[in-house]
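# Got a predicted model here, sequence first, then my questions.
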Amino acid sequence: MLVAAAVCPCPPLLVPEVAAGAAPELDTLRDACADALGVLAAARPDLLIVVGPADPPGRGPHPEGATGTFEGFGVDLGVRLGRDLGPVGADHSLPPSLAVGAWLLARAEWAGAPVEGLGVGEPLAAERCTSTGRDLAARAERVALLVMGDGSACRTLKAPGYLDERAEAFDAAAARALGAADPDALIALDESLAYELKAAGRAPWQVLAGAAQGAGLGGRLLYEDAPYGVGYLVAAWS
């Protein structure tokens, strides 16, 4: 059963070494993520699963001990998902979203429950997302999720997806749903619109919605902004 969730964005710029001179600009966002992870620790889960968007071959499950790197972003920095349990094989190299999640957990000095990862494809239909979430929630008596994903990438002219007038309303709807811990509102997010707005968080958020159905959790929105023209949202459910 799902007992807690933290929702964080997954730009590699969250990692100060990647952001370099721009690192201080996201300090408030990093602090909000730390607060959300504190809710996970307080829930004392039996299992923590990090869920984030992924392209092949990063989709699918990633075991505890899987490693990732930020070399693709010009930084010789590696991360590990949870504890070092020995070699897990190159097939389980973490996609960027889960690598950022692993970095957040290491920064928070996570020493609680075992940690696993799940990379989900952006095209995954809402029904598949919610079904996956229900399966995750059934994995242990007390399950927590760290859900990685960005909102739209079309909030400004200089955004990765250029300016789209629909982006602000989409992000506002996602923020309301996450702040209210409203699974139905997350499930109602338009898949096609999310794809057009390059909102990589849509599928992971709908996985969360499936896991949270019937759990009766409350939510708090801890951060909502669009630096660099990308919607970043942080929320905590417990």
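That came in fine, so what should we check first?
# any low-confidence regions in this structure?
88-92 (pLDDT under 70).
# so where do the helices sit in it?
For the chain, the helices identified by DSSP state H occupy 16-19, 27-43, 96-107, 126-137, 167-179, 183-187, 191-196, 202-212, in order along the chain.
# Which one of these lies nearest to residue 52?
With respect to residue 52, and counting by C-beta to C-beta, the nearest of the helices of the chain is helix 96-107 at 3.0 Å. Bear in mind the C-beta positions are built from the backbone N, C-alpha and C, glycine included.
# okay, the angle between that closest one and helix 202-212?
Orientation of helix 96-107 against helix 202-212 (axes from the mean of the first three to the mean of the last three C-alpha atoms, to 10 degrees) gives an angle of 60 degrees.
# by contact count, what packs against helix 96-107?
Helix 96-107 sits against strand 2-8, helix 27-43, strand 47-53, strand 67-69, strand 78-80, strand 115-120, strand 143-148, with contacts defined as 3 or more C-beta pairs under 8 Å, 6 or more residues apart in numbering; DSSP states H and E.
# could the ones you listed be laid out in CSV, adding distance to residue 194 and mean neighbour count?
Conversion of those to CSV gives the following (distance: least, C-beta to C-beta, whole Å; neighbours: other C-beta atoms under 10 Å):
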stretch, distance to residue 194, mean neighbour count
strand 2-8, 15, 28
helix 27-43, 21, 19
strand 47-53, 11, 27
strand 67-69, 25, 20
strand 78-80, 27, 18
strand 115-120, 13, 25
strand 143-148, 15, 28
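# closest to residue 210 out of those?
Nearest of these (C-beta to C-beta): strand 2-8, 9.4 Å.
# That closest one: how far from the chain's middle?
Once both centres are worked out by C-alpha atoms, centre = their mean, to the nearest Å, strand 2-8 turns out to sit 10 Å from its chain's centre.
# One more: stretch 139-146?
The chain centre lies 15 Å from the centre of stretch 139-146; the measure is C-alpha atoms, centre = their mean.
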